[in-house]
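Chemist: All I have is the shape, not the residue letters:
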């Protein structure tokens, strides 16, 4: 399905402050960016670089006063995500070099502390895809989705304890549990068609049977029509806007519609 | 100035054949891509990757029959390119690691064979920017710009002998002469406002005084309003379309206009 | 001073298990590896790759039974580390692209939670080097160096609370406090001449005035004669041995001597 | 077999001049560097970086006077190289992204001009390994190995015409012919046990059936016991010593022996 998606960020900036945005998606295996419009107001210089994960990052200094960023996209997306029950675990020694980093613990994914929980959850699921699906399903049924119960410091260990959170927390917990089983897992942020309520979204991918598969613990069914904006180890790597100063985000709008 | 630019490539494809395109410009220090629309007809899967120079490359298999690619852009560009008479040569030992590769000879830039000519051209110009400008100016006045006198195999050595060529040959010669003096130089392909006749364009950059400067031996005056599409060692790296089969490019249109 | 350094790891391996070692130092600006000998017993296939930070990593599957790894080095090292009182803070917008990642929180360095402590510590120190030195000095005088009070899960937040730890915890706390002030900081593991008691060591580097400076909160005076083995965001990135199975490290020896 | 190998370069340097060396091999899939000793006399600062192909490069400024570089290695090497008659051609669309660059023409490998010769040579060999072997075998029987008939500017087109050259020319021709058939090929420099006369050596690798295979057109039989020092597109990328000044190489010694 062709999607028309985008977001608008409005800031109130008391004094000029650096900002790093990660809002320009890449075309890739699963998606094709047909068109894109990226506006910054007032019009100031922006430089773009590619981070370690291949994400395009926009650097700027937000000027004092009202400041807005808007990006809109038309993208071809897959209507279905691949599911692969039974797809096997990849032994660590057979993982590609550049996948190994997604086994390590990270800021919000303390996989070194969640091994026992993971072992409880997976039971005797077949190593690989089925274990990840058991984790995803467990999170969906055991963690309550609720705004305001977590914040920018909340980690997977916190979420495992409190059993409540939002999409980002669900993803962090899923990633951590996978890594504790030596299954590489990474964070994804992006857009999801018909997400309710509409917002930017986060989910995760796990590496089994030689490739990355998509898992979303906030959804009951596997759902396609996603636009990936950025990949990383966890939310620290893929913040869509990282500000280094006192600016306030006064408004944020997100839209994802079918493009006819 | 805001530019509206783009190009359209029409192919006749007798049998499915792989094609690598390099048509999606990056936002960067000197340019900001405000909007972009990239269409491929018929609609087939495309994957994108980043090459060694940071260029975005689109891989696809062109299907049998008529096949078209169209990209249009709106970009903010600098009205003037920086010029820096007297800017000094950077000794090789002080060059950044990732700039060193632009000292090496390459397919179309046999800098190992053009040292004597370079020495003749530069006379007693100050090492650095002034030498590059002497080279650029010499090319502009000594090489005749003429279509049909060179082809995809023509190298800088050929151009130095025949004294005729097109923008790509001018750039290759400039690059080779710079490298023979241990000045790093790289190829740029992209769009230039008011180029006559309108076409995709090629020029070069040289590294002096700690940064890259733009040089265009096809133009009498330094001119801004350029959109860089790709960087590389020479045309082998930055072909906007590399085909691995018998398809025929039947039509190509390029446009660059002021966007009002 | 020329150092002769190295380490030996002895494992008891109940069943074949993957192991990633990071024991081969790189030659670089501050050190030159004159000679190196790297032995693995029994002799099994090893492959080496370079991770995202430029570290050389050795991948292998440890065979069942006794397994040993030994590396010894002769390296030229600097007798003094550079100190630069007053060296200025680099505003975020002026940081090199590849340094930005060292501002982000990471597994053991929750810089997002340690801002208030950092502000207390630095008082009115000049932004930049002096702030980092204030942090280093505060850690040295306020955190008690004691084995057995921390483990592989201990993070900077833990250490800030308990006020006790080992070199790795000191480094994590220093890194976190720097990052909370928007000063990029990274973890270093390696060898230090005359460390007491002798062991592998960890310290940190902070980026001020356009370059990385060395800080070691475990030492009263700035001390040179260090061999860097690996760089990373924190200990998760620079574990000298990451094992993915049940093997036991039965013995470990480390030596650093003057090479005459 | 365990090899003891190395080389010594002696220079006469009339004035300080930058030098980039590429003499430190990497451990990798096919070889393990057990020990290494790298000496530079007089003892001057050297910095090391990794180039685009993963080679370790040493940068220095050679001081006036006599200057020497010596490296010796002990390496575990494979006694046999893999041969794979019938291994299939990989269609361009299925090549890994990072292999694509080895299809492009380069300084000494003008694959864009050698297609007709390649077609003649391969006859009706099966696409893939057998075509590469036909090329290798043709070069071995049709090109005369002779010192002094080629120099640093000699390219594959020159060698195809003159039918004479040394190992580097043989490799360039092999690489060019492969690329003209859309088979990725790359240059390798290193050591070969029992090479006669002993010297540093060059050969090539071609990518078929999903991996790189070794081909050496200077040898009658496939021979193992090689130590790879560097990979690249051609000799421009893998010069073991690139000098940017007037120094003279006065002596060079190379040794490769069985290590007992």
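Modeler: Sure, I can see it. What you are looking at is a predicted structure, and each value in this text was computed from that prediction instead of being measured. Numbering: from 1, shown residues only, chains lettered A, B, ... in the order given.
Chemist: Next, the contact list for the closest residue to chain B within the stretch 51-200 of chain A, please.
Modeler: Of all residues in the stretch 51-200 of chain A, residue A:54 sits closest to chain B, at 6.5 Å by C-beta to the nearest C-beta. All C-beta atoms are positioned from the backbone trio N, CA, C, and that covers glycine. By C-beta atoms under 8 Å, 6 or more residues apart in numbering or on different chains, the contact list for residue A:54 reads A:26, A:231, B:50.
Chemist: Show me what from chain A comes close to chain C.
Modeler: A:18, A:20, A:49, A:51-52, A:57, A:59-61, A:91-93, A:97, A:100-101, A:103-107, A:109-110, A:112-113, A:152-153, A:182, A:236-237, A:242, A:244 (C-beta under 8 Å from any C-beta of the partner chain).
Chemist: In strands, which of these fall?
Modeler: In strands, defined here by DSSP state E, the members of the residues of chain A next to chain C are A:18, A:20, A:49, A:57, A:59-61, A:242.
Chemist: related to what we said a few turns ago, of the residues of chain A next to chain C, keep whichever come out buried.
Modeler: A:18, A:20, A:49, A:51, A:57, A:59-61, A:92, A:100-101, A:103-107, A:109-110, A:112-113, A:182, A:236-237, A:242, A:244 (16 or more other C-beta atoms under 10 Å in any protein chain shown).
Chemist: related to what we said a few turns ago, can you select the buried ones from the contacts of residue A:54 in PyMOL?
Modeler: A single PyMOL command suffices to select whichever of those are buried according to 16+ other C-beta under 10 Å:
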select buried, chain A and resi 26+231
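Chemist: what number of residues lie near residue A:80?
Modeler: 9 (other C-beta atoms under 10 Å in any protein chain shown).
Chemist: Next up, identify which helix or strand residue A:147 is on.
Modeler: Remark: residue A:147 resides in no helix or strand, with elements defined by DSSP states H and E.
Chemist: before we move on, back to that, switch the ones in strands among the residues of chain A next to chain C over to CSV; also include distance to chain B and pLDDT.
Modeler: Listed next are those as CSV, based on distance: C-beta to the nearest C-beta, whole Å; pLDDT from 0 to 100:
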residue, distance to chain B, pLDDT
A:18, 16, 97
A:20, 14, 97
A:49, 8, 93
A:57, 10, 96
A:59, 10, 96
A:60, 10, 96
A:61, 14, 97
A:242, 18, 95
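Chemist: Now do the domain split for chain A, please.
Modeler: According to automatic domain parsing, chain A comprises the domains A:2-78+A:240-258, A:92-232.
Chemist: and those, which is most packed in?
Modeler: Mean neighbour count (mean count of other C-beta atoms under 10 Å in any protein chain shown) peaks for domain A:92-232 among the domains of chain A, with a mean of 20.
Chemist: can that one be found next to chain D?
Modeler: No: Domain A:92-232 stays clear of chain D (C-beta under 8 Å from any C-beta), getting no nearer than 10.4 Å.
Chemist: Tell me which helix or strand comes right after the helix or strand residue A:179 falls within.
Modeler: Secondary structure from DSSP H and E places residue A:179 in helix A:167-180. Following helix A:167-180 in sequence order, the next helix or strand is strand A:185-192 (DSSP H and E).
Chemist: tilt between that following strand and helix A:167-180?
Modeler: Here strand A:185-192 runs at an angle of 150 degrees relative to helix A:167-180 (axes from the mean of the first three to the mean of the last three C-alpha atoms, to 10 degrees).
Chemist: Quick one: list the elements packing against strand A:185-192.
Modeler: In this structure, strand A:185-192 packs against helix A:167-180, strand A:201-208, strand A:226-232, strand A:248-258, with contacts taken as 3 or more C-beta pairs under 8 Å, 6 or more residues apart in numbering or on different chains; DSSP states H and E.
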